[in-house]
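Q: Fold the following, please.
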Amino acid sequence: MAKLEISDLHVSVITEDTSKEILCGVNLTIDAGETHAIMGPNGSGKSTLAYSLAGHPKYRVTSGTVLLDGADVLSMTVDQRARAGLFLAMQYPVEIPGVTTSNFLRTAATAVRGQAPGVRQWLKEVKDEMESLQMDPDFAQRSVNEGFSGGEKKRHEILQMSLLKPKIAILDETDSGLDIDALRVVSEGVNRYKAESAAAGEAVGVLLITHYTRILRYIQPDFVHVFVAGQVAESGGSELAEELEADGYVRFTGQAVPA
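A: Numbering: from 1, shown residues only. Below you'll find the predicted structure:
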C-alpha cells in the first residue's frame, strides 16, 4: 500500500538574483486511502509544497527527505516521479497548442504504464471517463486546454488522474475558479477514483490544497493541516477546517485579515 513520507523538508524558491526559503521543515505522512487537506493563508507555502513534490525546477530542496514507498523521490526526475505514482493537478493548467488532448493523454498513459494501451480499450477508457466528468467528447480532439474554461481545465486534470491511476494525487486548489456545478462534478470525479482504487486494492492517497471548506463538503478529509510560514502549524480532523472557515487564521498568525 502506498505511503508518502515528508520529513523536515526545506525548500527555497530560486530567482535570477535571490534564493528565499519558503518551506521551513515540513513533516507529513500520507498513507494509502487517506485524504489530507492543507489550508493556510496566501504565501504560506502550500503550492510550493505541491510543486516541490512534483519536481518543479524553480524550487530547490535544501534539506529533508521525501519517500514514496521507501524510494527517494527527491533523487527522481519529473517523469520518474510520475511513473512512481505521483500526480499533480495544477492550480493553473497550461495550454499546449498543437497537441490534441487525446494524443496528450495516450502519450502520458504510455509513459506511466510502460507500454501503449490498446487503441480500442483506450478509446473506451477515455470515453467512459469523459462521460463521468460530463465533458464533451469533442474536447478529445482539441488542443490541450486551449480555449477551455476554468471548469473544463479542472475537469481535464481529474480526467488525467483517473486515466494515469497514481498512488498519491496532489490536488493544488482544484476548486479555484469553479462554479458550484463544476465543483460538484470535479469532486465526484475525485471520490469515484478513490473508491475505484480502493476496490482494486490500490487505494490512492490524496493531498488536497485549498483555501476554503466548500470542496471539503464534497471530498471528506481524514486530516486537516494548517500551513503557516512554511510549516504545519497544527493538524486535526474536519472540525479544524470548520474553525478556520469561521475564525480565519488569526490564532496561528496573530493577524486578522482586513475586512
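Q: CA only for contacts and neighbour counts going forward, please
A: Will do.
Q: What is the distance between stretch 215-222 and the centre of its chain?
A: Put simply, stretch 215-222 sits 14 Å off its chain's centre (CA atoms, centre = their mean, to the nearest Å).
Q: For the nearest residue to Val224 once chain neighbours are set aside, give me the pLDDT.
A: Taking CA to CA, 6 or more residues apart in numbering as the measure, Val224 lies nearest to Ala37, with 4.7 Å between them; neighbours along the chain are not counted. Taken from the predicted model, the pLDDT recorded for Ala37 is 97.
Q: Look up how far Glu234 lies from Ala37.
A: 12 Å (CA to CA, to the nearest Å).
Q: ok, those two, which is more surrounded?
A: Neighbours were counted for Ala37 and for Glu234 using other CA atoms under 10 Å; Ala37 has more, 27 against 12.
Q: Contacts only, for the more buried one.
A: By CA atoms under 8 Å, 6 or more residues apart in numbering, the residues touching Ala37 are 207-210, 221-225.
Q: same deal with Gly118?
A: With contact set as CA under 8 Å, 6+ apart, Gly118 has no partners.
Q: Verify the contact between Ala140 and Val99 for me.
A: No: between Ala140 and Val99 no contact is recorded; they are 10.3 Å apart, counting by CA atoms under 8 Å.
Q: Those two - which one has more neighbours?
A: Between Ala140 and Val99, Ala140 has the larger neighbour count (other CA under 10 Å), namely 19 against 15.
Q: could you pull out the helices for this protein?
A: Remark: helices of the chain, listed N- to C-terminal, are 46-54, 78-84, 101-113, 119-132, 150-164, 180-199, 238-247, 250-253; assignment by DSSP state H.
Q: Out of these, flag the one nearest Gly230.
A: For the helices of the chain, distance to Gly230 was read as CA to CA. The smallest value, 7.6 Å, belongs to helix 46-54.
Q: And that closest one, what does it pack against?
A: Counting contacts by 3 or more CA pairs under 8 Å, 6 or more residues apart in numbering; DSSP states H and E, helix 46-54 is packed against strand 19-31, strand 59-68, strand 86-89, strand 168-172.
Q: Dump those strands into JSON lines; add distance to Val126, mean neighbour count and mean pLDDT as well.
A: Written out in JSON lines, the entries for these read as follows (distance: least, CA to CA, whole Å; neighbours: other CA atoms under 10 Å; pLDDT from 0 to 100):
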{"stretch": "strand 19-31", "distance to Val126": "28", "mean neighbour count": "18", "mean pLDDT": "95"}
{"stretch": "strand 59-68", "distance to Val126": "28", "mean neighbour count": "18", "mean pLDDT": "96"}
{"stretch": "strand 86-89", "distance to Val126": "18", "mean neighbour count": "23", "mean pLDDT": "96"}
{"stretch": "strand 168-172", "distance to Val126": "19", "mean neighbour count": "24", "mean pLDDT": "97"}
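Q: In CSV, list the ones you listed along with distance to Ala109.
A: What follows is those, written out as CSV (distance: least, CA to CA, whole Å):
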stretch, distance to Ala109
strand 19-31, 24
strand 59-68, 20
strand 86-89, 12
strand 168-172, 15
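Q: Ala108 is nearest to which of those strands?
A: With CA to CA as the measure, strand 86-89 is the member of these nearest Ala108 (11.4 Å).
Q: give me the beta-bridge partners of Gln209?
A: If you look again at residue 209, you'll see it is Ile, not Gln. With DSSP bridges applied, Ile209 shows beta-bridge pairing to Ile38, Asp172.
Q: got a pLDDT number for it?
A: Looking at Ile209, its pLDDT stands at 96.
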